[in-house]
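S.K.: Would you be able to build a 3D model of this:
(2 chains)
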Amino acid sequence: MAQDRRQVDAITARDTDFAQWYTDVCRKAELIDYTSVKGMFILRPYGYAIWENIMHILDAEFKKTGHTNVSMPLLIPESLLQKEKDHVQGFAPECAWVTMGGNEKLEERLCVRPTSETLFCDHWTRVVHSWRDLPMLYNQWCSVLRWEKTSRPFLRHREFLWQEGHTLHATPQEAVAETEQQLECYAKFCEDVLAMPVIRGKKTDKEKFAGAEATYTIECMMHDHKALQGGTSHYFGNGFTTAFDITFTDKNNQQVHPYQTSWGLSTRIIGGLIMTHGDDNGLILPPRIAPTQVAVIPVAAHKPGVLDAAGALCGRLRAAGIRVKLDDSDNSPGWKFAEYEMKGVPLRIEIGPRDIENGQCVAARRDTGEKTAVSLDALEETVEQLLDTIHRNLYAMALKNREDNTFDIKTPEEARAIAEGKGGFLRSKWCGSLECELAMKERGGVSSRCMPLRQSGTEGVCPVCGKKCTTDILWGVAY
RNA sequence: CGGGGCGUGGCGAAGCUUGGUAUCGCGCUUGGUUCGGGACCAAGAGGCCGAGGGUUCGAAUCCCUCCGCUCCGACCA
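M.R.: Residues are numbered from 1 along each chain as shown, chains lettered A, B, ... in the order given. Okay, the predicted model is just below:
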């Protein structure tokens, strides 16, 4: 891997200062711009193009499982937000409020939605009557607002884009199955499209969503060994539906409360993408999500035949369904190489007079830097293979990073030593008590990430209280 | 919200201690030569120095207030 040579001075070296590297990449790859309001970010065309691809792919998946899109209001009356007490306690500290309409003070202040459970519930009280109305399988693509104190591009915006799925079911079993199905949908998406290995797990009571009965998560490890929650799926039981008095008549002619779920994935995942795959030369985008999969660079473009050959090559790739961009600007080839590396384009193709003579082009992989000559006779197949190889290599490298940095720990102090050193996921047993979880934070400096769905089933002892228990849990430092 | 660093053409910086005509690199524009890892030459354009107030004959520079960015904490599905 020829990655030790940094081509782009403008980007801080990743291992020198990871946080600065991250910010540099967001800016230099033209993903994001700052605005005059703290915590509000602009997704520039290239950044938004990544989100558009995420939307298209996920939206199609949601529709395969029967979900439909809706659009809910931006504002929530305070009285509505307060109907479920755990929920309002969780969100009230970070709500922004509208108090004026024109020049007049509003009778009741309105919260800018931080999440829309209450809006969906309010709607459902009016439209759900019979078991025949269930399940309700709704989703919306929108932005929400949370008044965060500190903000970072993609990882923590005050306003961020996401999708929030909200569903209602006749039985708890059905609702739990929905929660699990959507978690798996996110996990597959991360692995198969974003080349991000994830751990499917369940949050502890302390870490679960305000108002939820159970919260499921996919946890990803970033290159700096910190954890990022990639998406969540919640099972609500009938807590909200009881608080909002949503009822339906079941098959036995009984009035009962339905069971509810919600699940969300936000632009934060783009931050995860950057921190999972990026390197010293900038962003690296996995091929299946990259807005541009192949950048074609003509070399000595002024010489006869070069631009034509480059154009023909692009046409063939485009016809094969590959997202390709021809850069015929008058920047030098070297400038273009650096530019597309910074922007994480997975594959670059160079074509110059020498190649044309030999009936070939040169393909350069973004992940390894490796250059190979590609015969024009086998162009489409070779490019498709290379893109596929890049996806698998990115996944494998991310997985190796996670496996190499996951450690078994026996005490909170052992956890602290690792967390304060190189960091990583820390694996132990857990007795299930809040006291021990808090002690891990206090003495170990780590928070619980999740209890993996795939449990070993073995018996061990809680690292804090020493009680015998079987639950596997992962700890770590999170974004 | 606490502690540190920072704010000067589009970007990155120097100038501030010791007040006196706005400086450099990159980028941008035009023309020419180049073109296989961020090319070169020449000529240009572009800045009420984050905002507001004060001190002074005079403020990028000194003093106060505010805002923003950033890092570390706290907080945060």
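S.K.: Is there proximity between the longest helix seen in chain A and RNA strand B?
M.R.: The longest helix of chain A (DSSP state H) is helix A:379-404. No - using CB under 7 Å from any atom of the strand, helix A:379-404 stays clear of RNA strand B, coming no nearer than 14.2 Å. Every residue, glycine included, has its C-beta placed from N, CA and C.
S.K.: Give the next helix or strand downstream of that helix.
M.R.: Later in the chain than helix A:379-404, the nearest helix or strand by DSSP states H and E is strand A:406-408.
S.K.: Buried by neighbour count: which residues of that next one qualify?
M.R.: A:406-407 (16 or more other CB atoms under 10 Å).
S.K.: After it, heading C-terminal, what element do we hit next?
M.R.: helix A:412-420.
S.K.: Mind exporting the C-alpha coordinates of that next one to PDB?
M.R.: Once non-C-alpha atoms are left out, helix A:412-420 reads as follows in PDB (Å, rounded to 0.1, in the frame of the first residue of the first chain):
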ATOM      1  CA  PRO A 412     -12.700  -0.800  34.700                       C
ATOM      2  CA  GLU A 413      -9.100   0.200  35.200                       C
ATOM      3  CA  GLU A 414      -8.000  -2.000  32.400                       C
ATOM      4  CA  ALA A 415     -10.700  -0.300  30.200                       C
ATOM      5  CA  ARG A 416      -9.300   3.100  31.200                       C
ATOM      6  CA  ALA A 417      -5.800   2.200  30.300                       C
ATOM      7  CA  ILE A 418      -6.900   1.200  26.800                       C
ATOM      8  CA  ALA A 419      -9.400   4.000  26.300                       C
ATOM      9  CA  GLU A 420      -6.800   6.600  27.200                       C
END
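S.K.: Contacts for it next, please.
M.R.: A:407, A:409, A:424, A:426, A:428, A:439-440, A:442-446, A:463-464, A:475-477 (CB atoms under 8 Å, 6 or more residues apart in numbering).
S.K.: Apply 7 Å and report the result again.
M.R.: Helix A:412-420 has contacts (CB atoms under 7 Å, 6 or more residues apart in numbering) with A:407, A:409, A:424, A:426, A:439-440, A:443-446, A:463-464, A:475, A:477.
S.K.: same check, this time on stretch A:300-315
M.R.: The contact list for stretch A:300-315 (CB under 7 Å, 6+ apart) reads A:296, A:298, A:324, A:326, A:328, A:349, A:351-353, A:356, A:361, A:379.
S.K.: give the contact list for the residue nearest the centre of chain A.
M.R.: By CA atoms, centre = their mean, chain A has its centre lying nearest to A:Ile269, at 2.1 Å. By CB under 7 Å, 6+ apart, the residues touching A:Ile269 are A:54, A:230-231.
S.K.: In CSV, list these along with neighbour count, distance to RNA strand B and secondary structure.
M.R.: Putting the contacts of A:Ile269 into CSV (neighbours: other CB atoms under 10 Å; distance: CB to the nearest atom of the strand, whole Å; DSSP: H, G, I helix; E, B strand; the rest coil) gives the following:
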residue, neighbour count, distance to RNA strand B, secondary structure
A:Ile54, 22, 15, helix
A:Gly230, 25, 9, strand
A:Gly231, 27, 8, strand
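S.K.: which secondary structure elements does the longest helix of chain A contact?
M.R.: Applying 3 or more CB pairs under 7 Å, 6 or more residues apart in numbering; DSSP states H and E, one finds that helix A:379-404 makes contact with helix A:268-277, helix A:306-319, strand A:347-351, strand A:360-365.
S.K.: quick one on the thing from earlier: how near is the residue nearest to the centre of chain A to RNA strand B?
M.R.: Between A:Ile269 and RNA strand B the computed distance is 10 Å (CB to the nearest atom of the strand, to the nearest Å).
S.K.: okay, that residue: pLDDT?
M.R.: You'll see A:Ile269 listed with a pLDDT of 96.
S.K.: and the residue sitting furthest away from the middle of chain A, which of the three is it?
M.R.: Here chain A reaches farthest from its C-alpha mean at A:Pro304, the gap being 45.7 Å by CA atoms, centre = their mean. What DSSP: H, G, I helix; E, B strand; the rest coil gives for A:Pro304 is coil.
S.K.: What residues does the stretch 351-479 of chain A have near RNA strand B?
M.R.: Counting by CB under 7 Å from any atom of the strand, the residues of the stretch 351-479 of chain A lying close to RNA strand B are A:351-355, A:361-362, A:364, A:369, A:371, A:478.
S.K.: now the residues you listed: which count as buried?
M.R.: Judged by 16+ other CB under 10 Å, buried ones among those: A:351-352, A:355, A:361-362, A:364, A:369.
S.K.: what's the closest of those to RNA strand B?
M.R.: Checking those against RNA strand B by CB to the nearest atom of the strand gives A:Gly352 as the nearest, at 2.6 Å.
S.K.: can you give me phi and psi for that closest one?
M.R.: Torsion angles at A:Gly352 (phi, psi; degrees, to the nearest 10) stand at phi -140, psi -180.
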